[in-house]
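S.K.: any chance you could fold what I've pasted below:
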Amino acid sequence: VLFLVVIFQVLFGALIYYAESGSVCVEAWQCRNGPDEGQDCTSLVYSDGHMASFNGSVAVGKRGSSQPNQAQAVPVFSQGNSAVCANECQSVGNICFGADGSLTNFNSIPIAMWWALVTMCCVGFGDIAPATPLGQLIG
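M.R.: Numbers count the residues shown, from 1 in each chain. Take a look at the predicted model:
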């Protein structure tokens, strides 16, 4: 039985990651070794060259659409903004964006595998859920 649980966890974790992962994933950065440890210092760089600070949910200072239904720009890459930190800005993971510029919940395969395990063993925590139609069908 344990073997089947592990197989299903790997299978459904990979399927959910494939269905839910964004079109672009960039590095996330945080301050380390100082009074501001843990503070986000991620700067997103877009294809037209402009930069925007990332505050954990949306890009601040990003040139965006004034219409709510129009797609937002997707960043090309990120870099640490050392001006935000007292000591150093260090890479701590990744941030994934969908094709429409929205954030995705499943940034890595281990996160997707954890979601699959929790969903198989109980009703889930409700902290993340599939958002795309394909992800909802798989989940």
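S.K.: by mean pLDDT, which helix or strand of this protein comes out lowest?
M.R.: Across the helices and strands of the chain, mean confidence by mean pLDDT, DSSP states H and E is lowest for strand 59-60: a mean of 50.
S.K.: which residues does the next helix or strand after it contact?
M.R.: Next in sequence after strand 59-60, counting helices and strands by DSSP states H and E, comes strand 77-80. Strand 77-80 has contacts (C-beta atoms under 8 Å, 6 or more residues apart in numbering) with 26-29, 41-45, 54, 89-91, 95. All C-beta spots, glycine's among them, are computed from the backbone N, C-alpha and C.
S.K.: now the residues you listed: which count as buried?
M.R.: Buried by 16 or more other C-beta atoms under 10 Å: V26, A28, W29, C41, T42, S43, L44, F54, C89, Q90, I95, out of these.
S.K.: out of those, which are inside strands?
M.R.: Those of the buried ones among the contacts of strand 77-80 mapping onto strands are V26, A28, W29, T42, S43, L44, F54, C89, Q90, I95, per DSSP state E.
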